[in-house]
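Engineer: Provided below for reference: sequence and predicted model.
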Number of protein chains: 4
Amino acid sequence: MRILDAALMLIADHGVGGTSLQMIADAVGVTKAAVYHQFKTKEEIVIALTERELGRLDDALEAAEAEKSRTKAREVLLTRVIDMAIERRRAAATLQSDPVIVRLLAEHEPFQAYLTRLYGVLLGDASDENRVSAAMLSGAIGTAVVHPLVADVDDDELRTQLLILTRRLLALPE
Amino acid sequence: MRILDAALMLIADHGVGGTSLQMIADAVGVTKAAVYHQFKTKEEIVIALTERELGRLDDALEAAEAEKSRTKAREVLLTRVIDMAIERRRAAATLQSDPVIVRLLAEHEPFQAYLTRLYGVLLGDASDENRVSAAMLSGAIGTAVVHPLVADVDDDELRTQLLILTRRLLALPE
Amino acid sequence: MRILDAALMLIADHGVGGTSLQMIADAVGVTKAAVYHQFKTKEEIVIALTERELGRLDDALEAAEAEKSRTKAREVLLTRVIDMAIERRRAAATLQSDPVIVRLLAEHEPFQAYLTRLYGVLLGDASDENRVSAAMLSGAIGTAVVHPLVADVDDDELRTQLLILTRRLLALPE
Amino acid sequence: MRILDAALMLIADHGVGGTSLQMIADAVGVTKAAVYHQFKTKEEIVIALTERELGRLDDALEAAEAEKSRTKAREVLLTRVIDMAIERRRAAATLQSDPVIVRLLAEHEPFQAYLTRLYGVLLGDASDENRVSAAMLSGAIGTAVVHPLVADVDDDELRTQLLILTRRLLALPE
DNA sequence: GATGAATGAGTGTTCATTCAT
DNA sequence: TATGAATGAACACTCATTCAT
C-alpha cells in the first residue's frame, strides 16, 4: 500500500508527531480526503504500519516457536530480526522508539500479544540476566543500523558483525 | 531550570513533536509567553535540554580522555553512561532516538564536536567490529533501561547486569 | 470573490499590517481555516487583491498601447485611472501607499512588468520633468479622492476637476 | 530623540501596523521597558512622531499666515513642504497615507486644528477646483519623492521640478 | 532612567477530521 | 474512489502592556 510506504518513510524521518496527514497525502500524490477514505484516523495508519512491519517477523516467529531447542529458536528469530533491520535501516529505529508507537505497542491489545510471543522466544528463561540482555538487544539492533558510526559500513559486513555481537551478548556459542 | 525539567519529562513521554509549549508552560505553571521570555524558540529549549543532559557526561569524558589505557578509558565512560541511563530511566531512550533530537545532534555544531569526542573514547580503534559494537551500545543502554522486559528489575540489579553485558559485548575482561 | 472584497475594504481601513485573517474571516462569515483553504498565506491574499485591482486597468492599458499618438494614449489611460480611483475611493490610496503593498509591487515579478507597461504609457518620454510629473500623478489621484478636503465634493465634479488638473499638470491641451 | 528617529524609519519601511515596540527598542539598542519609560503607549510614540514632523512646518506656517497676499502665503508654505519632503524622502509618503496615522490626524484634536490652519493657507478660497487641487498636492508631493520613477533624479533637480509642477497645478505664475 | 520577568490576547498557520458531491 | 470546502482546536510565536526592582 503506497500510503503506508510513504507514511513509514516520513515517520522514520520526522517521527509520528512530526508527520501530518497532509505530508503523507502529498508524498503519495493524493488529497487528504483520499487518505481518509482508506484509514479512518491517523492512528489507524500508524497501527497498520506497525502491524505490517511487525508481520514481517511472522514466518520466523512461527518457525522459532516450532523449534524444540530454545537456543535454536532464539537464533532463528534473531537472524530474521537482524535481516529486517538491515533491509529497512531507516525505519528500524523509529518504529522501536517513537513515543507514540511505543505507547501503541504497550496499549493496543493485538500488539501486546504479539510482543509477548516475541519476548517468549527471545528470553529463553526469565532470569534477570536474560531479561536485561533481551532488553538491550531489542533496542541495540534497531539503533545500530542507523547509527552514524556505521553509516559507511556496508550491509553484509554490518550483518555479519551484528550476528557475532548478538551471539556474544547472549553468550551463545559463536 | 524548571522549564527544562518539565520539558524533559514531557518529551520523554510524548516526543518532541508531541510536546507543545502550552504543555510545558502548564507543567511549570506559567504562561507560554513566560517560557518564550527565556527561550526564543522551541528548538532552543530542546537544544538547552540536550546540552544539559549531555553535559552530565563531562566529568567522565574528561577523566576518560586523561586515561592512558584505552580500555580503562572506555570503562570509565561506559560506567558513567550506564549510571546516567539508570538515574534518568525515562528520558534516556527518547533523547537518543527522537527524530528531532537525532537531527539536532547531527546538525548542531557543538553537539557534533561533543559526540566526536564521545565516540573517540568509546571506539578504541575504528575497526568495523568496534564501530558496530559501539553503535549497538549507544542505543542498547538507553533502550534497555525503559524496556518493559526490565520494568520490574531494580536499579542496582539492572546496573550490575548492564555492566556485565556491556563488557561482554565489548570483549572486555569481566 | 467575497474574501477579496472583504479584505480590500478592511485593508483600505486598517492597512495590511492592521488587517488580520480573523478580521477577514469574520467579515466574510467563515472560519480562518476556510480562508486558508483558498489562499495559502496572507501575502497571497494581498497579491490576489492587488492583481485584481490592477487588472481593472487592463482594457485601458491595452487600448492605450494600441494608440499611435502618445498624447492620446496617456489620455486614455489617465481617464481610466481617474474613473477607477473615483469608483473605489476608499481603496485607492491604501493600495498605492501601504508599505506592504508597495514592497510587493516592487518585488513581485508580474507586478514589476505591469507597472513598467503602465509607466511606459504614462511617461511619454523619460525627461526629468516627465518623470516627476508622472510620479506626482501616481500618488496624487489616489490620495486626492480620499482626502478630507474633497469629502463633500460629489463624484462627477471631482472627476471633472481631476481631469482638468491632470491635463494641466501634464501640460496637455485642455 | 533617538526613539522617535528609529520609529520614524521603521514606520516608513513597515507601516505603523508592521512596526512593533520590540523592533523600535532593538533599533535604539534598549529594552522595550525603557521605551515604555518615555512613552506610555505605542500610540503616544506615533503621535509624538507625527507632531514632530508636522512641527517642522511651524515656521513656514506662521510666516505664511502673516502674509497679506494669499498667493504669496501659499508659495511660502508649499516651498517649505517640498523642501521637507525632499529632506526626508523615505518618511514623507508613509506619514501621509498610513491608515493609522491618517486616522490619528483625523481624530486627534490638536492635529485637526493644525491641519485646518494648513489647509486654510493652502486653499486660498474654497472653490471646488481649489479643494481638489489642494487635495492632489497633499498626496502628490509626499508620494512623488519616494516614487521609483524618480529614484535616480537628484534632490536639486527634483526640487526644481516639484516647484514648477506645483505652480502649474495651482495655476500660479511660473 | 532602565531592566527582566511576566501576562493575556492576538498573530499567521497547520492540525486531524467531516461531509456533500 | 476521490475530491474540495469547511471546521474547531491547536500550533509556535509576537503583541502591547505592566510592574517590582
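Structural biologist: Yes, it's here. The structure presented is a predicted model; accordingly, all values stated were derived computationally and were not measured. Residues are numbered from 1 along each chain as shown, chains lettered A, B, ... in the order given.
Engineer: Please list all residues in contact with the closest residue to residue A:15 other than its chain neighbours.
Structural biologist: Using Cβ to Cβ, 6 or more residues apart in numbering or on different chains and skipping residues adjacent in sequence, the residue nearest residue A:15 is residue B:99, 4.2 Å away. Using the backbone N, CA and C atoms, a C-beta is placed for each residue, glycine as well. Under the criterion of Cβ atoms under 8 Å, 6 or more residues apart in numbering or on different chains, the neighbours of residue B:99 are A:12, A:13, A:14, A:15, A:18, A:94, A:98, B:16, B:17.
Engineer: just how off-centre is the helix or strand hosting residue A:103 within its chain?
Structural biologist: Take DSSP states H and E as the rule and residue A:103 turns out to sit in helix A:99-107. Remark: helix A:99-107 is offset 13 Å from the chain centroid, using Cα atoms, centre = their mean, to the nearest Å.
Engineer: Please see if it touches DNA strand E.
Structural biologist: No: shown here: helix A:99-107 not in contact with DNA strand E (Cβ under 7 Å from any atom of the strand), separated by at least 10.7 Å.
Engineer: Does DNA strand F have contacts with that helix?
Structural biologist: No: using Cβ under 7 Å from any atom of the strand, helix A:99-107 never reaches DNA strand F; the gap is at least 13.7 Å.
Engineer: Could you do stretch A:21-31 as well?
Structural biologist: Yes: using Cβ under 7 Å from any atom of the strand, stretch A:21-31 reaches DNA strand F at A:30, A:31.
Engineer: Around DNA strand F, which positions in chain A sit nearby?
Structural biologist: Applying Cβ under 7 Å from any atom of the strand, we find that chain A lies next to DNA strand F at A:30, A:31, A:32, A:33, A:34, A:36, A:37, A:38.
Engineer: rerun that using 6 Å as the cut-off
Structural biologist: Contact residues, chain A versus DNA strand F (Cβ under 6 Å from any atom of the strand): A:30, A:31, A:33, A:34, A:37.
Engineer: Need the pLDDT of the first one.
Structural biologist: What it means is residue A:30. You'll see residue A:30 listed with a pLDDT of 93.
Engineer: now the residues of chain A next to DNA strand F in a markdown table, with secondary structure, distance to residue C:47 and neighbour count?
Structural biologist: Formatted as a markdown table, these follow (DSSP: H, G, I helix; E, B strand; the rest coil; distance: Cβ to Cβ, whole Å; neighbours: other Cβ atoms under 10 Å in any protein chain shown):
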| residue | secondary structure | distance to residue C:47 | neighbour count |
| --- | --- | --- | --- |
| A:30 | coil | 28 | 16 |
| A:31 | coil | 24 | 13 |
| A:33 | helix | 27 | 9 |
| A:34 | helix | 29 | 12 |
| A:37 | helix | 34 | 10 |
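Engineer: can you tell me which of those residues are up against chain B?
Structural biologist: Counting by Cβ under 8 Å from any Cβ of the partner chain, nothing from those sits close to chain B.
Engineer: Nearest to DNA strand E among those residues?
Structural biologist: residue A:33 (3.9 Å; Cβ to the nearest atom of the strand).
Engineer: I'd like the contacts of residue B:99 written out as a markdown table, with secondary structure and neighbour count added.
Structural biologist: Output for the contacts of residue B:99, formatted as a markdown table (DSSP: H, G, I helix; E, B strand; the rest coil; neighbours: other Cβ atoms under 10 Å in any protein chain shown):
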| residue | secondary structure | neighbour count |
| --- | --- | --- |
| A:12 | helix | 20 |
| A:13 | helix | 16 |
| A:14 | helix | 19 |
| A:15 | coil | 26 |
| A:18 | coil | 19 |
| A:94 | helix | 23 |
| A:98 | coil | 28 |
| B:16 | coil | 27 |
| B:17 | coil | 20 |
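Engineer: Going C-terminal from the helix holding residue A:103, what's the next secondary structure element?
Structural biologist: helix A:109-123.
Engineer: Show residues contacting that following helix.
Structural biologist: A:50-51, A:54, A:57, A:61, A:64-65, A:70, A:73-74, A:77-78, A:104-106, A:130-131, A:134, A:137-138, B:148-149.
Engineer: Among those, name the buried ones.
Structural biologist: When these are checked for burial by 16 or more other Cβ atoms under 10 Å in any protein chain shown, the buried set is A:50, A:54, A:57, A:61, A:64, A:73-74, A:77-78, A:104-105, A:130-131, A:134, A:137-138, B:148-149.
Engineer: What about these, which are in helices?
Structural biologist: Using DSSP state H, A:50, A:54, A:61, A:64, A:73-74, A:77-78, A:104-105, A:130-131, A:134, A:137-138 are the members of these that sit in helices.
Engineer: Can you say which of the residues you listed are also within reach of chain B?
Structural biologist: A:131, A:134, A:137, A:138.
Engineer: List just the nearest of the residues you listed to residue C:84.
Structural biologist: residue A:138 (71.4 Å; Cβ to Cβ).
Engineer: For DNA strand E, give me its nearest residue in chain A.
Structural biologist: Proximity of chain A to DNA strand E (Cβ to the nearest atom of the strand) peaks at residue A:20, 3.0 Å away.
Engineer: Against residue A:35, how distant is that residue?
Structural biologist: Per Cβ to Cβ, to the nearest Å, residue A:20 is found 11 Å from residue A:35.
Engineer: cool, residue A:81 as well?
Structural biologist: 30 Å.
Engineer: Who has more neighbours out of these two?
Structural biologist: residue A:81 (23 against 19; other Cβ atoms under 10 Å in any protein chain shown).
Engineer: What sits closest to the more buried one if chain neighbours are left out?
Structural biologist: Counting by Cβ to Cβ, 6+ apart, the residue nearest residue A:81 is residue A:141, at 6.0 Å.
Engineer: For residue A:160, give me the pLDDT.
Structural biologist: Per-residue pLDDT puts residue A:160 at 91.
Engineer: That one: which element?
Structural biologist: Per DSSP H and E, residue A:160 falls inside helix A:155-169.
Engineer: Show me what that helix is packed against.
Structural biologist: If you count contacts as 3 or more Cβ pairs under 8 Å, 6 or more residues apart in numbering or on different chains; DSSP states H and E, helix A:155-169 packs onto helix A:70-87, helix A:128-146, helix B:128-146, helix B:155-169.
Engineer: now the angle from that helix to helix A:70-87?
Structural biologist: Relative orientation of helix A:155-169 and helix A:70-87, computed by axes from the mean of the first three to the mean of the last three Cα atoms, to 10 degrees: 150 degrees.
Engineer: which parts of helix A:155-169 are buried?
Structural biologist: In helix A:155-169, counting by 16+ other Cβ under 10 Å, buried: A:158, A:159, A:161, A:162, A:163, A:165, A:166, A:168, A:169.
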